[in-house]
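Enquirer: Got a predicted structure plus its sequence, pasted below:
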Amino acid sequence: MNSKIAIIGGTGIYHGDIFSDMEDIKADTPYGIVYLKSARYKTKDILFLERHGKGHALAPHEVNYRANIWALHSLGAKRVIATAAVGAINTEFQVGSFALVDDFIDFTKGRKSTYFEETNEGIVHIDMSAPYCPDTRKYIIKAASNENIKIRNGGIYICTEGPRFETKAEIRAYAKMGADMVGMTNVPEVILAREKGLCYAAIALITNYAAGVSKTPLTHKEVIDNMNLMSGNLKKLMASLLES
Ligand code: HPA
């Protein structure tokens, strides 16, 4: 992977000593300011972006997705590797493991999901028959296999508006629609990345079973605790990926 890589994720990802030349960047975009970091890993240039802003201040429905993707694109990123916490709807997706998303269903409401609304380019319809970049996905599968990390190759992500978790009835309906996992952030991120021509892939961290799939009520703590448990493997996976 020679092109400039952006990693979108939580705080933990860049707290390693494997990176050099770490710098803070303030990117001024038409949609607002984005704070991110640049670094080097051996010969590779990397950008790190905390999706939820500094200190995880923004809930999923408040994230400025257009500014985030604009900033990465304008700083020269070609590939984006996003991480996203999800609840498993399909019980073949096990808590504590990873899945590589290969399609999505959009159940968000009223998020700004396109750059093509104030342009003179006429009406633009972006192809979504393969929203997640097959090439970047191949690198991720290889890196996971090198590290003996279990990752499921493919799975349908349904994106809800949040910030509340889903009802049991909603999860039953989403299961009938074919969704394997549920989260709140991948839409419109993947769409905007496609609009900008970025090669985008999303690694889902399965942090819990979705409402009703799990017998116990879902808490934010459960999600965070399991995400923390997975962070060691995630760092290993990222390091191996950056070697490729
Ligand atoms: N639902 C929605 N978003 C999530 C979940 C969930 O169960 N787990 C982690 N993010």
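Expert: Done, it's in. Numbering: from 1, shown residues only.
Enquirer: in the chain, what residue is nearest the ligand?
Expert: Using Cβ to the nearest ligand atom, the closest approach of the chain to the ligand is made by residue 87 at 2.2 Å. Just so you know, the C-beta spots here come from the backbone N, C-alpha and C atoms, and that holds for glycine as well.
Enquirer: quick one: that residue and residue 222, what's the gap?
Expert: 10 Å (Cβ to Cβ, to the nearest Å).
Enquirer: which residues are common contacts for these two?
Expert: Common contacts of residue 87 and residue 222, defined by Cβ atoms under 8 Å, 6 or more residues apart in numbering, comprise 207-208.
Enquirer: Tell me which of the two has more neighbours.
Expert: residue 87 (27 against 17; other Cβ atoms under 10 Å).
Enquirer: what's the neighbour count on the spatially closest residue to the more buried one that is not a sequence neighbour?
Expert: Using Cβ to Cβ, 6 or more residues apart in numbering and skipping residues adjacent in sequence, the residue nearest residue 87 is residue 210, 3.7 Å away. Counted by other Cβ under 10 Å, the residues lying close to residue 210 total 27.
Enquirer: what's the spacing between the helix or strand hosting residue 86 and its chain's center?
Expert: Using DSSP states H and E, residue 86 sits in strand 79-88. In terms of Cα atoms, centre = their mean, to the nearest Å, the centre of strand 79-88 is found 3 Å from the chain centre.
Enquirer: just checking, what packs against that strand?
Expert: Under the contact definition 3 or more Cβ pairs under 8 Å, 6 or more residues apart in numbering; DSSP states H and E, strand 79-88 sits against strand 5-9, helix 134-146, strand 181-183, helix 186-195, strand 199-209, helix 220-243.
Enquirer: how about the ones you listed in a markdown table, adding mean pLDDT and distance to residue 117?
Expert: Output for the helices and strands packed on strand 79-88, formatted as a markdown table (pLDDT from 0 to 100; distance: least, Cβ to Cβ, whole Å):
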| stretch | mean pLDDT | distance to residue 117 |
| --- | --- | --- |
| strand 5-9 | 93 | 23 |
| helix 134-146 | 96 | 27 |
| strand 181-183 | 98 | 25 |
| helix 186-195 | 98 | 11 |
| strand 199-209 | 96 | 20 |
| helix 220-243 | 89 | 33 |
